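>>> Pasting the sequence and the predicted model now:
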Amino acid sequence: MSNIRKEPLLFQEFPKLKKHIPWMPLTRVTPVQKCEKLGEMLGLNELWVKRDDMTTDIYGGNKPRKLEFVLAEALQQKKSKVITYGGTGSNHCLATLLFAKKYGLETILVLWDQPITAHVQRQLLLFKSLGAQLIHLNEFDYSKLPDQDKIYNIGPGGTSPLGILGYVEAALELKKQVDEGLMPEPELIFVAAGSLGTQAGLELGIRLCGLRSKVMGVRVTAKEFANADLVATYAKESYALIKEHLGGVPEPDFKGVTVLDDYAGAEYGAVTQEGLAAIELMKKYEGIQLETTYTGKTLAGLIDYTKKHDLKDTPILFWNTYNSVNLSKYMKRGITYKDLPEVFHKNFEEDLLHKK
Ligand SMILES: Cc1ncc(COP(=O)(O)O)c(C=O)c1O
């Protein structure tokens, strides 16, 4: 893989972290790119995108940045398996599976139902193709798993104090790009707020490196799981993990953390008309593919927010957290849903409500 980073900026900035924080190289510095055509269409002269869809050649999106820290710890602890959790369409589960496999770890995925889409069906077939052990949440009992001391536990979305450091690193990367003149300092950064690790990491990283940007999280799941208080709590927990190695950097203040509530739709994974329209615009004007659960809703939030405020010349960054690597190479030839545990068959046998 080209341009893979050799060492995180976090370790360069705070050298004492190197000895205490596990990390392995998986990702590259992702480009920042001006959205000339989409910006013109929306009346925004400084609309930019952070291309985290290109984090790696194996699988892009936001998850590999978290896995650089989390999987490194699994390997350091000499585990032979990882277990993680997500909806049936989880990108996090797929990313974890792909990288765990690459480093010789088996993967157990515990999955809960989400609205059935073509994306959900494809993810399930990919999970199976890549050899994951699949367990439906209703059938999951941690005490029944064998060899538990060999299993490394990764929370939903890869969000943990350690995983969040992936987006602290991303904020430092953005600061460097701003300092190098690759883009103006963004006043607003729009990012999906799911399990909140991405936003929490950006919030902490921005404060540690001195960017003045305000992060606008766009909630995509229930409010009890995604809200500003929780983002601040997670950011503080991650700060607590590293603070003694930061060399006296004052404790950041997380007042003003913002999560926009109006774009999530009926439930996690539900397709919204505004999200679909946003996906279409990004594809048409910039040639970038988004999806309905996270990034379409986030762009819908950006479009609506910028319509309601005078931001014509304000630098605005859309953080693209979706993967753009073609995944068809991972699909096993001839696989069908009948190869999945029976509890997942309903995802293929019920009518597709939102076949998009
Ligand atoms: C494409 C995409 N964007 C955004 C997110 C949300 O990131 P986070 O869980 O860190 O809030 C996820 C996964 O949860 C995702 O798959």
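Everything's here; your move. Worth saying up front: this structure is predicted, and the values here are computed from it rather than measured.

>>> tell me the strands in the chain, going along the chain?
Applying DSSP state E to the chain gives strands spanning 32-34, 47-51, 81-87, 106-112, 133-136, 151-153, 188-193, 214-219, 258-260, 316-320.

>>> what's the angle from the third one to strand 106-112?
Okay, so that is strand 81-87. 20 degrees (axes from the mean of the first three to the mean of the last three Cα atoms, to 10 degrees).

>>> any idea how far Thr30 is from Leu67?
Shown here: Leu67 relative to Thr30, a distance of 15 Å by Cβ to Cβ, to the nearest Å. C-beta coordinates here come from the backbone N, C-alpha and C atoms, glycine included.

>>> more neighbours, these two?
Leu67 (29 against 23; other Cβ atoms under 10 Å).

>>> So for the nearest residue to that one once chain neighbours are set aside, what's the pLDDT?
Leaving aside its sequence neighbours, Leu67 sits nearest to Phe99 (Cβ to Cβ, 6 or more residues apart in numbering; 5.2 Å). Listed pLDDT for Phe99 reads 98.

>>> what's the answer for His354, then?
Per-residue pLDDT puts His354 at 50.

>>> Also Pro146?
pLDDT recorded at Pro146 is 88.

>>> tell me which parts of the stretch 201-350 of the chain are close to the ligand?
294-295, 321-322 (Cβ under 6 Å from any ligand atom).

>>> Correction: the previous question concerned the stretch 1-150 of the chain.
Neighbours of the ligand within the stretch 1-150 of the chain, by Cβ under 6 Å from any ligand atom: 61-62, 91-92.

>>> Just to be sure, which of those are found in helices?
Using DSSP state H, the members of these that fall in helices are 91-92.

>>> Which of the residues of the stretch 1-150 of the chain next to the ligand sits closest to the ligand?
Asn91 (3.2 Å; Cβ to the nearest ligand atom).

>>> ok so, going back, counting neighbours, which of the residues of the stretch 1-150 of the chain next to the ligand comes out on top?
Counting neighbours by other Cβ under 10 Å, the top entry in these is Asn62, with 31 neighbours.

>>> how close does that one sit to Lys243?
For Asn62 relative to Lys243 (Cβ to Cβ), the value is 24 Å.

>>> Please enumerate the helices of the stretch 151-300 of the chain.
165-179, 197-209, 228-242, 273-286, 295-308 (DSSP state H, counting those that start in this stretch).

>>> List just the one of those that sits closest to Gly104.
Closest approach to Gly104 among the helices of the stretch 151-300 of the chain (Cβ to Cβ): helix 165-179, 21.4 Å.

>>> What is the distance between the closest one and the centre of its chain?
Mean-position distance between helix 165-179 and its chain equals 15 Å (Cα atoms, centre = their mean, to the nearest Å).

>>> Looks like Gly296 contacts Ile279 (just checking).
Yes. In this structure, Gly296 is within contact of Ile279 by Cβ atoms under 8 Å, at 4.2 Å.

>>> which one of those two has more residues nearby?
Using other Cβ under 10 Å, the more surrounded residue of Gly296 and Ile279 is Gly296, with 27 against 23.

>>> Without its sequence neighbours, what residue ends up closest to that one?
Closest to Gly296 by Cβ to Cβ, 6+ apart is Gly275, at 3.5 Å.

>>> what does Ile135 give?
Residue nearest to Ile135 in three dimensions, not counting chain neighbours: Val110, with 5.0 Å by Cβ to Cβ, 6+ apart.

>>> bridging residues for the one you found?
Residues in a beta bridge with Val110, per DSSP bridges, are Tyr85, Ile135.

>>> circling back: tell me which of the helices of the stretch 151-300 of the chain approaches Gly155 most closely.
Closest approach to Gly155 among these (Cβ to Cβ): helix 197-209, 8.7 Å.

>>> Give the other helices and strands that that closest one contacts.
If you count contacts as 3 or more Cβ pairs under 8 Å, 6 or more residues apart in numbering; DSSP states H and E, helix 197-209 packs onto helix 165-179, strand 188-193, strand 214-219, helix 228-242.

>>> quick one, which of the ones you listed is nearest to Glu13?
With Cβ to Cβ, the closest approach to Glu13 among the helices and strands packed on helix 197-209 belongs to helix 165-179: 6.3 Å.

>>> so what's Leu130 up against?
Residues near Leu130 by Cβ atoms under 8 Å, 6 or more residues apart in numbering: 94, 97-98, 101, 107, 330.

>>> Check Met216 too.
Taking Cβ under 8 Å, 6+ apart, one finds 188-191, 258, 260, 301-302, 305 in contact with Met216.

>>> before we move on, what about Phe318?
35, 47-50, 190, 298-299, 302.

>>> what does the model give the residue nearest the centre of the chain for pLDDT?
Residue closest to the average C-alpha location in the chain (Cα atoms, centre = their mean): Asn62, at 3.4 Å. You'll see Asn62 listed with a pLDDT of 98.
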